[in-house]
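**Student:** A predicted structure for the sequence below; I have some questions about it.
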Amino acid sequence: MESAGPPPREAAFSAMFPFRCPFYIVLRMLDSPRDERLSAPPWWPFWIAFGVALAFRLLWPEIRPLHHDEGVNGWFLFRLLDGYSYEYDPERFHGPFLYFFGAPFALLLGMSEATLRLPVALVSSAMVLLLLPLRTRIGRSGVTASAWLMAVSPSLVSYGRDLIHETYLVALTLALVAAVSRWLESGRDRDLIFAALSLSLMATVKETVALTVVTLVVGAGAAGWAAGQADWRRRLQRLQETPARTWKLVAVALAVPYILLFTSLFTHPVGLVDSFRAFLPWTEKGFEGSGHEKPWFYFLRLLGTFEPVVLAAGALGGAVALRRRNPFGVFCLVWWAGQIAAYSVIPYKTPWLAMNMILPLILSTGVLFGILSGKTERRQSAAALRTALAGLGLLLVAWTGAKAVEVSFLRYDDETLGLVYVQTSREVRDLLAWIDEAQARSPGHPLAIRFYNEDRWPLPWYLRNAPGVLYLKKVPYDPGGDVLMFGPGQEPEVRAGLKDWKQRYERRVFLMRKGVKLVVYVRNVQG
């Protein structure tokens, strides 16, 4: 029998936001079937996992300097808030979603390392909540296991604290899968519209969305095979019965975000054309390597080192799902196998790309736990088996969490760890402090800071408010200034242009990142 009105939680939300804003749609999407509403008694292990995910991503966001790519992305945000227009450049940068999504945070909270990373951390944490719509697929035990692995994954934690594009792509992929899953179960129009919105936003994040979509489509076909012909006919019939008004709303959800973001809110119309042209240069970079070439087994080695629990349990879950012809499990199997294969073939490899494989592996692990949980419920020794599984799970989660702490909080600039990649050294903090000391000795006189080196990021972001900064690609005839920064190979040229440099400047060398050193001259007060 239908209830007289929405649950109290929805009614309160509707009173606060009477229009069907995206938050309302998300809340409604997270609703389970009528026997498993959000108003059901809380499942504390899941919500504790969500709390751990928040803590791992939000605590001490400024513990490490900005990554090279974070510096570039942060600079675009700074320029955007400083009144400059953003124009999508398909030859050099990824999609516009990161900048427009992060701009309100920077506008409201001010520009800082913590502010830059906050939206990414929140989205990364919210991925745990996006598991809720899947609990009819993998069960409460599967969702809980997935939530804990997602909360402490070294890769998801590390890059969930970075201002880079990958976390947004992975989170929106999960939103798409969750929405389609709910639509297949309920047939509700809003789930189909939310899926279209998720897909549209995915396309505005990064060009590798094409690889994701292809593997999802192939996985959906495999899931249809596992479900059987009767299920396919039922799905096709549901599509045919979907009213034309719904398809119009789906088209709007697909088109509007895409057009708005790529045209920079209609200020850069050519960006819409560039969004399609982008696939050619990025395909070329992928197959050329562009300095990021790695062997084909790179991701398998990376997963085996930092995510062995997810890799082993996900693979086992895929095998069990294939044997049982579990549709969602087969879908996840094809999804993660396809992602590993696709990214292994392409020479261009960076460690954050592994997040696209870790997500389906975590879901595949959830399938495994859901099946194991169903088995224990049918055995007399169910309590003992559940206790043993829970104990083993806690040990594995603890080990994985320790790895996450090591990578994100302790050895965050140690590139002997495979997940640490072109990360700015902590010595940059000392460099910035030294510049601040020099500025304090000359109050009212902005330092003339000169860069004679192209390998400078993320320092331009840190020095964004310094009025006397000049960036040059070559050492000029007269290289004078209050602060000079250049590579070790340029030092003879700099010294040749300076008179009495030993008396006029203090010299130090800082490690920017692995293999990149920066020589810095700071003028003495007497000089």
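**Tutor:** That came in fine, so what should we check first? Numbers count the residues shown, from 1 in each chain.

**Student:** what about residue 520, which helix or strand?
**Tutor:** Assigned by DSSP states H and E, residue 520 falls within strand 516-523.

**Student:** Now do the buried residues in that strand.
**Tutor:** 516, 518, 519, 520, 521, 522, 523 (16 or more other Cβ atoms under 10 Å). C-beta: built from backbone N, CA, C; applies to glycine.

**Student:** now those as TSV including distance to residue 80?
**Tutor:** Formatted as TSV, the buried residues of strand 516-523 follow (distance: Cβ to Cβ, whole Å):
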residue	distance to residue 80
516	28
518	28
519	33
520	30
521	33
522	32
523	34
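
**Student:** ok, these vs residue 328, which is closest?
**Tutor:** Nearest to residue 328 among the buried residues of strand 516-523 is residue 516, at 45.6 Å by Cβ to Cβ.

**Student:** tell me which element the residue nearest to the closest one when sequence neighbours are not counted falls in.
**Tutor:** Nearest-residue entry for residue 516: residue 455, 5.5 Å, with adjacent residues in sequence omitted and distances by Cβ to Cβ, 6 or more residues apart in numbering. Counting by DSSP H and E, no helix or strand carries residue 455.

**Student:** Count the neighbours of residue 455 for me.
**Tutor:** 14 (other Cβ atoms under 10 Å).

**Student:** my guess is it meets residue 512, correct?
**Tutor:** Yes: taking contacts as Cβ atoms under 8 Å, residue 455 lies within contact range of residue 512: 6.7 Å.

**Student:** Overlap in contacts, these two.
**Tutor:** Shared contacts of residue 455 and residue 512 (Cβ atoms under 8 Å, 6 or more residues apart in numbering): residue 518.

**Student:** From residue 101, how far off is residue 80?
**Tutor:** For residue 80, the distance to residue 101 (Cβ to Cβ, to the nearest Å) stands at 12 Å.

**Student:** Contact partners for the residue nearest to residue 516?
**Tutor:** Taking Cβ under 8 Å, 6+ apart as the test, what residue 455 contacts is 487, 512, 516, 518.

**Student:** What sits closest to the second one if chain neighbours are left out?
**Tutor:** In space, and not counting its chain neighbours, residue 512 is closest to residue 518: 5.0 Å by Cβ to Cβ, 6+ apart.

**Student:** Would you check that residue 50 makes contact with residue 127?
**Tutor:** No: using Cβ under 8 Å, residue 50 is not in contact with residue 127, being 9.8 Å away.

**Student:** And the two? Which one has more around it.
**Tutor:** Neighbour count, other Cβ under 10 Å: between residue 50 and residue 127, residue 127 has more, with 26 against 20.

**Student:** That one and residue 156 touch, don't they?
**Tutor:** Yes: using Cβ under 8 Å, residue 127 makes contact with residue 156 at a distance of 7.5 Å.

**Student:** Common neighbours of these two, please.
**Tutor:** Residues touching both residue 127 and residue 156 (Cβ under 8 Å, 6+ apart): 150, 170.

**Student:** Name the SS class of the residue nearest to the spatial centre of the chain, please.
**Tutor:** In the chain, the residue lying closest to the centroid (Cα atoms, centre = their mean) is residue 167, at 1.0 Å. What DSSP: H, G, I helix; E, B strand; the rest coil gives for residue 167 is helix.

**Student:** so how far is residue 299 from the closest residue to residue 296 other than its chain neighbours?
**Tutor:** Spatially, and ignoring its direct neighbours in sequence, residue 296 is nearest to residue 344 (4.8 Å; Cβ to Cβ, 6+ apart). Distance of residue 344 to residue 299, given as Cβ to Cβ: 6 Å.
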